[in-house]
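Peer 1: Sharing a model prediction with you, sequence too.
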Amino acid sequence: MKYSIIIAVYNRLEEVKELLESAEKLEGNRRLFELLFVDDGSKDGFKEFIEQYHSASGLQIRAIYQQNQGPGAARNYAMSKAQGEYFIFVDSDCMFPPQWLAEIEKAQNEHHYDAFGGPDTCHPSFSPLLKAINYSMTSFIGTGGTRGNKKHVGRFYPRSFNMGISRKVYDMIGGMGGLRHGQDMDYSMRIYNAGFKVGLIADAYIYHKRRTSIPKFFRQIFNWGVARINLSRRHPHTLKPIHLLPALLIVGLVVLKIGTLFTGQNYPPVRFAWHIIGYGLIFVCLFAFFQSLFRYRNIIVSFLSIITLLIQVFAYGFGLLWGGWNALLGKEVKGFSKNYYGNKKL
């Protein structure tokens with residue numbers, strides 16, 4: 001068996017059903033791969049469902065179980081039980097295009113990557129909000145194209161929503177580390193540091209539902225900011241000036257607001273600064289609106305894309321500031337971790 005497709009699951013039964021529906025349509029020989037679910041202590045009936053599931057297309061499906069320890073520990077446990085030569089991580093809120101695995105196989109036959117990854121995108125059936133979130137998270141203006149865009153800023157780091165490694169990588173560097181946020185980035189950095197060949201398979205994209213509400217989206221992006229601080233502590237060379245721009249924007253706005261209170265808005269330097277910010281904001285919003293409109297042909301998605309892009313910038317900036325402040329105090333940096341998908345508690 002060549003590929004073990006590893007899906008960590010925690011109370012995501014409805015999403016698993018959608019994932020399996022798409023998996024039944026995957027092209028290729030069923031003996032080439034297995035679907036290996038690792039249940040991280042779900043209480044939504046996943047075990048009963050998966051043990052009674054019968055694949056209409058002959059999929060090889062296995063499920064293993066552990067007490068709730070988080071996604072990293074779940075993926076590590078799955079790697080210790082996987083049968084394939086390659087382990088491919090896919091999030092439970094994803095769906096497969098029919099050609100997904102065939103594109104991976106084609107690229108591997110040509111390039112023989114030790115580790116690889118593909119982009120994530122949205123399915124045409126997704127809601128306007130999910131499409132707007134997809135825009136802000138995959139556009140160059142939103143993330144610099146780092147999530148699998150052929151034109152991206154800096155090095156490509158595979159992410160665990162669509163990431164593959166060879167068994168050789170696992171045998172040499174072990175599994176994922178203990179970071180709650182950014183553990184896949186940390187794993188990719190360790191793979192690079194060990195000298196393995198890493199590649200982007202741009203045509204092996206996957207449909208990714210991501211967060212299904214604005215509050216959940218904010219918490220996810222906030223955690224990205226926290227993760228950047230944690231990653232910089234482990235891999236200092238990976239922190240670039242561009243990563244700090246959202247935090248600098250927030251600090252600049254606060255300083256400018258305080259300055260305005262003391263000098264008044266008509267003070268020439270203050271007025272000039274507010275004009276620059278205002279015109280810059282208008283430009284960014286118009287750019288996002290029309291780029292999203294060109295991509296999705298939907299005016300509702302375009303308006304929502306402005307909102308999700310601004311939320312992404314400020315949530316990431318606040319996460320950076322929170323993480324940086326706690327790091328300066330010598331504290332462990334945590335974001336939204338307890339009941340991450342439903343509870344708002346930090």
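Peer 2: In hand now; what should we look at?

Peer 1: any idea where the helices of the stretch 151-300 of the chain begin and end?
Peer 2: In the stretch 151-300 of the chain, the segments counted as helices under DSSP state H, counting those that start in this stretch are 167-173, 183-193, 214-234, 245-263, 268-296, 299-328.

Peer 1: Asp40 is nearest to which of the ones you listed?
Peer 2: Taking CB to CB, helix 183-193 is the member of the helices of the stretch 151-300 of the chain nearest to Asp40, at 13.8 Å. The way it works is simple: take the backbone N, C-alpha and C, and place the C-beta from them, glycine included.

Peer 1: Quick one: closest of the helices of the stretch 151-300 of the chain to Arg62.
Peer 2: Here helix 167-173 is closest among the helices of the stretch 151-300 of the chain (CB to CB), at 16.7 Å.

Peer 1: What helices and strands are in contact with the closest one?
Peer 2: Counting contacts by 3 or more CB pairs under 8 Å, 6 or more residues apart in numbering; DSSP states H and E, helix 167-173 packs against strand 86-90, helix 183-193.

Peer 1: average pLDDT across the first one?
Peer 2: The reference is to strand 86-90. For strand 86-90, the mean pLDDT works out to 98.

Peer 1: Show the subsequent helix or strand relative to that strand.
Peer 2: Of the helices and strands lying after strand 86-90 in sequence (DSSP states H and E), the nearest is strand 94-95.

Peer 1: about what we covered before: highest average neighbour count across the helices and strands packed on helix 167-173?
Peer 2: Most buried of the helices and strands packed on helix 167-173, by mean neighbour count (mean count of other CB atoms under 10 Å): strand 86-90, with a mean of 25.

Peer 1: tilt between that strand and helix 183-193?
Peer 2: 150 degrees (axes from the mean of the first three to the mean of the last three CA atoms, to 10 degrees).

Peer 1: could you dump strand 86-90 to PDB, C-alpha only?
Peer 2: The C-alpha coordinates for strand 86-90 follow below in PDB (Å, rounded to 0.1, in the frame of the first residue of the first chain):
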ATOM      1  CA  TYR A  86       3.400   7.800   2.600                       C
ATOM      2  CA  PHE A  87       1.100   9.500   5.200                       C
ATOM      3  CA  ILE A  88      -1.200  12.200   4.000                       C
ATOM      4  CA  PHE A  89      -3.000  14.300   6.500                       C
ATOM      5  CA  VAL A  90      -6.400  15.700   5.700                       C
END
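
Peer 1: List the neighbouring strands of that strand plus their orientation.
Peer 2: Strand pairing for strand 86-90, using DSSP bridges, gives strand 3-9 (parallel), strand 162-166 (antiparallel).

Peer 1: okay, those in a markdown table with mean neighbour count next?
Peer 2: Putting those into a markdown table (neighbours: other CB atoms under 10 Å) gives the following:
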| stretch | mean neighbour count |
| --- | --- |
| strand 3-9 | 25 |
| strand 162-166 | 25 |
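
Peer 1: which stretch among those strands comes nearest Phe222?
Peer 2: Judged by CB to CB, the one of the strands paired with strand 86-90 that comes nearest to Phe222 is strand 3-9, at 21.6 Å.

Peer 1: Report the distance from that closest one to the chain centre.
Peer 2: Its chain's C-alpha centre and that of strand 3-9 lie 16 Å apart, by CA atoms, centre = their mean, to the nearest Å.

Peer 1: Could you do stretch 135-147 as well?
Peer 2: The chain centroid and the centroid of stretch 135-147 are separated by 11 Å under CA atoms, centre = their mean.

Peer 1: With stretch 57-69 instead?
Peer 2: Centroid separation between stretch 57-69 and its chain, computed with CA atoms, centre = their mean, is 22 Å.

Peer 1: Contacts for it next, please.
Peer 2: Contact with stretch 57-69 is made by 1, 10, 20, 23-26, 30-31, 33-41, 47, 50-51, 53, 55, 73-74, 77-78, 81, as judged by CB atoms under 8 Å, 6 or more residues apart in numbering.

Peer 1: ok so, going back, adding distance to Ile88 and mean pLDDT, write the helices of the stretch 151-300 of the chain out as a markdown table.
Peer 2: Below are the helices of the stretch 151-300 of the chain laid out as a markdown table (distance: least, CB to CB, whole Å; pLDDT from 0 to 100):
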| stretch | distance to Ile88 | mean pLDDT |
| --- | --- | --- |
| helix 167-173 | 12 | 97 |
| helix 183-193 | 13 | 95 |
| helix 214-234 | 22 | 92 |
| helix 245-263 | 31 | 94 |
| helix 268-296 | 27 | 95 |
| helix 299-328 | 27 | 95 |
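
Peer 1: Give me the buried subset of the contacts of stretch 57-69.
Peer 2: Among these, the ones that count as buried by 16 or more other CB atoms under 10 Å are 10, 20, 23, 26, 33-40, 47, 50, 73-74, 77-78.

Peer 1: Restricted to helices, list the residues you listed.
Peer 2: The helices, defined by DSSP state H, take in 20, 23, 47, 50, 73-74, 77-78 from the buried ones among the contacts of stretch 57-69.
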